[in-house]
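Visitor: okay, sequence plus prediction incoming.
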Amino acid sequence: MADQPSPIPTPDAGTAPMNPAWARVQLARHPKRPHALDYIQKIVEGFQELHGDRHFGDDAAIVGGFGFLAGRPVMIIGQQKGRDTKQKLLRNFGMPKPEGYRKALRLMKLAEKFQRPVLTLLDTPGAYPGIDAEERGQAEAIALNLREMARLQVPMVAIVIGEGGSGGALALGVANRVYMMENAVYSVISPESCAAIIYRDATHAAKAAEALKLTGNDLLELGLIDGVVPEPGGGAHEDPEGAAVALAAAATHALDELSQISGPELAAHRYEKFRRMGSFFRE
């Protein structure tokens, strides 16, 4: 892929037009797209990373710690992909294992103890499906995060900054406010896997992406997210500073609103918000 794509990549001459959903998928996966640590470096002051789940070890696919966002103390947790081969292997290509989710939950509980809001940055193709992760309770770790995040009595904001892949992303996404960057995607399955199941052919990924309704505008219309954070022209990778400013503004505005709500009300709001998803009634 070219280093400088247009906001909606254009097809080669003689090919069928690329649908907008598949174009967003390509931008969400762009190799130069800002990752969680890139945003943290730009918008969080005094970031102190914390490590380990206190059960097995430290998972570099999830990073988190305390810092200051616009002068407000926050706990920020993000899923981190690698940039070069060495970093990709260290971060397991952004696919967390159970110890990563347990570390994230430990940090969120710590934030609740000290009454600090939580900001999560979602960017993963999905939770790691390897046998070692399954042996250590991958599904249980994700399920526990979903339950406990619903109960936390502090403001919670989640922003999908790249790929929001299935339960691997949702395990950090149970928040009072859920936003997506303009060229991010959020879905229960990757387009390639969906195409392999539905069409018996992974090459139909573009068609599957359109059917999955995985873009920010699609999910906003369906009521699954609360807003779309605009990106600079061409995508966040072309102006990381501008993308960071927009992300910080969205997070700060949400936290300003949520800080006026009591802890029990925040938990109740979060619970009801997710209970309503997927319910559609017609007269």
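Guide: Yes, it's here. Numbers count the residues shown, from 1 in each chain.
Visitor: what is the neighbour count of S193?
Guide: Residues near S193, counting by other C-beta atoms under 10 Å, number 18. C-betas here are computed from N, CA, C, even on glycine.
Visitor: find the helix or strand that it is a member of.
Guide: Counting by DSSP states H and E, the element that carries S193 is helix 191-198.
Visitor: flag every buried residue along that helix.
Guide: Buried residues in helix 191-198, counted by 16 or more other C-beta atoms under 10 Å: P191, E192, S193, C194, A195, A196.
Visitor: save those residues as TSV, and put in pLDDT too.
Guide: Listed next are the buried residues of helix 191-198 as TSV, based on pLDDT from 0 to 100:
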residue	pLDDT
P191	94
E192	92
S193	92
C194	94
A195	93
A196	94
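Visitor: which among those residues gets closest to K109?
Guide: Comparing the buried residues of helix 191-198 against K109 with C-beta to C-beta places S193 closest, at 32.6 Å.
Visitor: can you pull the contacts of the spatially closest residue to the closest one that is not a sequence neighbour?
Guide: Counting by C-beta to C-beta, 6 or more residues apart in numbering, S193 lies nearest to A202, which is 7.6 Å off, once chain neighbours are set aside. Contacts here follow C-beta atoms under 8 Å, 6 or more residues apart in numbering; on that basis A202 touches E192, S193, A195, A196.
Visitor: can I get the CA coordinates of the helix holding S193 in CSV?
Guide: In CSV, the C-alpha atoms belonging to helix 191-198 read as follows (Å, rounded to 0.1, in the frame of the first residue of the first chain):
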residue,chain,number,x,y,z
PRO,A,191,-13.9,-9.2,7.0
GLU,A,192,-11.6,-12.0,5.8
SER,A,193,-12.9,-14.5,8.4
CYS,A,194,-16.5,-13.5,7.7
ALA,A,195,-16.0,-14.0,4.0
ALA,A,196,-14.4,-17.4,4.6
ILE,A,197,-17.4,-18.5,6.7
ILE,A,198,-20.3,-16.9,4.7
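Visitor: which elements pack onto it?
Guide: Helices and strands touching helix 191-198, as assessed by 3 or more C-beta pairs under 8 Å, 6 or more residues apart in numbering; DSSP states H and E, comprise helix 205-212.
Visitor: ok, then the element right after the helix it packs on?
Guide: Downstream of helix 205-212, the next assigned helix or strand under DSSP H and E is helix 216-221.
Visitor: show me what the next helix or strand after that next one pairs with in its sheet, parallel or antiparallel.
Guide: Once helix 216-221 ends, the next helix or strand along the chain (criterion: DSSP H and E) is strand 227-229. Take DSSP bridges as the rule and strand 227-229 pairs in its sheet with strand 177-181 (parallel).
Visitor: count the neighbours of V229 for me.
Guide: Per other C-beta under 10 Å, the neighbour tally for V229 reads 22.
Visitor: does it touch R177 like I think?
Guide: No - applying C-beta atoms under 8 Å, one finds V229 not in contact with R177, separated by 11.2 Å.
Visitor: is it true that V118 touches L110?
Guide: No - counting by C-beta under 8 Å, V118 does not reach L110; the two are 9.8 Å apart.
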